[in-house]
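*Asks:* Sequence plus the predicted model coming up.
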Amino acid sequence: MAYIPVPDTLQAELVYNWDGQIVENVLHFKPFNILSLTLMQELGLKLVGWWIANIKGITPTNLQLVNVKITDLTTQTSPTINYATSLPSVGTGGSPSLPNNCAVVLTKRTLLRGRSFRGRIYHPGLYEAIVVGNTVDAGAVVSFINAYTQLKSFPTATTTWEMVVVSKFQNKVPLLVGVTTPVLSLDSDGVVDSQRRRLPRRGA
């Protein structure tokens, strides 16, 4: 399949080591300025600082953020960097954690409806103290939503960023150019969900 460009858009992969297994979350951002390596470094710095300030304390001690891989989606040969300053950073929340497949899902909402205009974040690192039965504690859900909402729109040293939903297909047909839609809000029902690929011997 031909490469589908997404102009002026960065893909940020938050790469974790969770009890020996590599797991990821993928987010997308657009700057208000023209993309450059400097802006890619700024985004990496922001995401690491955000994780340490907002997520680290509610993450089990057997999960650590080890890398933030940032890729310019403008062309097939656009730059990519690995930002690892201040990493790895180990969770300082409760332990033991739930199995690696367990996640709480946050839904990214935009102004438009349909599969091309919303996204999901399978947040890793749930642990026993914040889960009752099949539901994440309401206070923890609020903490997760508040943390990711900070990434909806934010400044860095030389620009301002917005989180976007990227769509490369519509009605199962590949687009010539990917479409981005700004994220307006995030929500979650707090139900424990599953990402089977994160289980040992199934993922990366």
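*Replies:* Yes, it's here.

*Asks:* Going by contacts, tell me the helices and strands next to the helix or strand harbouring residue 146.
*Replies:* Per DSSP states H and E, residue 146 falls inside helix 138-149. Applying 3 or more C-beta pairs under 8 Å, 6 or more residues apart in numbering; DSSP states H and E, one finds that helix 138-149 contacts helix 37-54, strand 102-109, strand 118-123, strand 185-187. All C-beta atoms are positioned from the backbone trio N, CA, C, and that covers glycine.

*Asks:* The next helix or strand after the first one pairs with which strands?
*Replies:* In the C-terminal direction, the helix or strand that comes right after helix 37-54 (DSSP H and E) is strand 63-72. Sheet pairing here is set by DSSP bridges, and for strand 63-72 it gives strand 10-18 (antiparallel), strand 80-83 (antiparallel), strand 89-90 (antiparallel).

*Asks:* State the number of residues packed around residue 177.
*Replies:* 9 (other C-beta atoms under 10 Å).

*Asks:* swap that for residue 115, please
*Replies:* Neighbour tally, residue 115, other C-beta under 10 Å: 12.

*Asks:* Check residue 141 too.
*Replies:* Number of residues near residue 141 (other C-beta under 10 Å) recorded here: 19.

*Asks:* thought residue 178 was touching residue 9?
*Replies:* Yes - between residue 178 and residue 9 there is a contact at 7.3 Å, judged by C-beta atoms under 8 Å.

*Asks:* Of these two, which one has the most company?
*Replies:* In terms of neighbours (other C-beta under 10 Å), residue 9 is the more surrounded of residue 178 and residue 9; the figures are 20 against 17.

*Asks:* how close does the more buried one get to residue 75?
*Replies:* Per C-beta to C-beta, to the nearest Å, residue 9 is found 11 Å from residue 75.

*Asks:* I appreciate the help and will end here.
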